[in-house]
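In: Would you be able to build a 3D model of this:
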Amino acid sequence: MTEEARAFLAAREQPIRMVIFDCDGVLIDSEALCDRVCAAAITELGWIVTPEECHRRFLGLSFYDMVPLIEARTGSAIRNGWVDDLVARLSIVLSQEVEPIPGAREALSGVTSLGLPWRVASNSSHTEMNAKFGRVGWSDLMRDRVHSGAEIIARGGRAKPAPDVFLEAAAAEGVASAHCLVIEDSAAGAEAARAAGMACLGYAPGHDGAGLRQAGAIPFRPMHALPVLLKAAV
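Out: Below you'll find the predicted structure:
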């Protein structure tokens with residue numbers, strides 16, 4: 001898997017000039033916590049769902065994009081403010097329990113050592129990401145580098161699998177899409193990278209990456225191997 005990713009990057013005609021990281025499941029090990037909190041909140045609406053089913057159905061989607069899916073299943077409209085309440089509820093759990101993905105900090109340091117700028121582009125709100133990065137001690141590291149799909153939705157844009165948040169991150173750094181590499185762990189994120197015209201590596205720590213590959217990403221693992229892979233493409 002790692003050799004395939006190395007060959008993919010080495011064969012690129014356009015050199016990589018920027019790396020854009022997803023947050024959940026790539027830098028921060030928050031997905032199980034999110035699944036747990038979301039499952040409880042959705043069950044309260046009348047759809048009895050497990051964390052595992054939440055993960056399978058909603059991985060990579062914003063909370064706003066989940067709402068019509070939940071309404072279709074329950075047959076009832078979700079009240080205004082439900083997403084805001086879910087974000088607040090989840091942020092408390094994240095600030096108390098979340099941990100980094102193994103090798104993620106080393107990956108960020110390695111990318112920096114290669115002279116590449118990097119940013120984070122997530123469907124999460126800034127409230128959630130502040131809780132995550134504060135918990136793991138990365139708040140200063142992330143300052144002015146984080147882009148939120150939830151904020152883009154509030155401005156009339158679209159979250160992943162649309163490309164908006166990735167395009168915003170690239171524009172902030174002044175790097176063309178063709179020179180960007182996205183690191184994702186979800187099919188929705190890989191689809192967003194493809195729509196943005198960006199190459200994508202799919203972090204697949206516990207599976208074969210088939211869903212990521214189908215969405216246009218090249219699977220790889222472990223996370224700390226990323227800087228070594230990038231040397232072939234810089």
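
In: Neighbours of Ser122, how many?
Out: The tally of other residues near Ser122 (other C-beta atoms under 10 Å) stands at 28. In this view, the C-beta of every residue, glycine as well, is placed from N, C-alpha and C.

In: I'd like the average pLDDT over whatever helix or strand Leu9 lives in.
Out: If you go by DSSP states H and E, Leu9 is part of helix 2-10. Mean pLDDT, helix 2-10: 90.

In: Can you list the strands that the very next helix or strand once past that helix pairs with?
Out: Next along the chain after helix 2-10, taking DSSP H and E as the criterion, comes strand 18-21. Counting by DSSP bridges, the strands paired with strand 18-21 are strand 118-122 (parallel), strand 180-184 (parallel).

In: Just want the angle from the next helix or strand after the last one to strand 118-122.
Out: What it means is strand 180-184. Counting by DSSP H and E, the next helix or strand C-terminal to strand 180-184 is helix 187-195. Here the directions of helix 187-195 and strand 118-122 differ by 120 degrees (axes from the mean of the first three to the mean of the last three C-alpha atoms, to 10 degrees).

In: Give me the distance from helix 187-195 to the chain's centre.
Out: Relative to its chain's centre, helix 187-195 lies at 10 Å (C-alpha atoms, centre = their mean, to the nearest Å).

In: which residues are contacting that helix?
Out: With contact meaning C-beta atoms under 8 Å, 6 or more residues apart in numbering, helix 187-195 is reached by 20, 22, 59-61, 160-163, 165-166, 182, 184, 199-200, 202, 211-212, 214-217.

In: packing partners for the host helix or strand of Ala39?
Out: Using DSSP H and E, Ala39 falls within helix 31-44. Helices and strands touching helix 31-44, by 3 or more C-beta pairs under 8 Å, 6 or more residues apart in numbering; DSSP states H and E, are helix 51-58, helix 82-97.

In: export those to CSV and tack on mean pLDDT, distance to Val146 and mean neighbour count?
Out: Output for these, formatted as CSV (pLDDT from 0 to 100; distance: least, C-beta to C-beta, whole Å; neighbours: other C-beta atoms under 10 Å):
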stretch, mean pLDDT, distance to Val146, mean neighbour count
helix 51-58, 94, 22, 16
helix 82-97, 96, 14, 16
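
In: List only buried entries from the contacts of helix 187-195.
Out: For these, a burial check counting by 16 or more other C-beta atoms under 10 Å picks out 20, 22, 59-61, 160-163, 165-166, 182, 184, 199-200, 202, 211-212, 215-217.

In: I'd like the list of those that fall within helices, please.
Out: 165-166, 211-212 (DSSP state H).

In: Of the residues you listed, which one scores lowest on pLDDT?
Out: Across those, the bottom pLDDT score, 93, is held by Gly211.

In: Contact partners for it?
Out: Ala187.

In: Check the spacing between it and Ala204 real quick.
Out: Applying C-beta to C-beta, to the nearest Å, the value for Gly211 to Ala204 is 9 Å.

In: Assign the closest residue to Trp82 other than its chain neighbours to helix, strand or coil.
Out: Leaving aside its sequence neighbours, Trp82 sits nearest to Val67 (C-beta to C-beta, 6 or more residues apart in numbering; 7.3 Å). Put simply, Val67 is helix when judged by DSSP: H, G, I helix; E, B strand; the rest coil.

In: list the helices and strands the least confident helix or strand in the chain by mean pLDDT packs on?
Out: The helix or strand of the chain with the poorest confidence is helix 2-10; it has a mean of 90 (mean pLDDT, DSSP states H and E). Helix 2-10 sits against strand 199-203, strand 218-220, helix 226-230, with contacts defined as 3+ C-beta pairs under 8 Å, 6+ apart.

In: Now mean pLDDT too, for these, in TSV please.
Out: Output for the helices and strands packed on helix 2-10, formatted as TSV (pLDDT from 0 to 100):
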stretch	mean pLDDT
strand 199-203	97
strand 218-220	96
helix 226-230	94
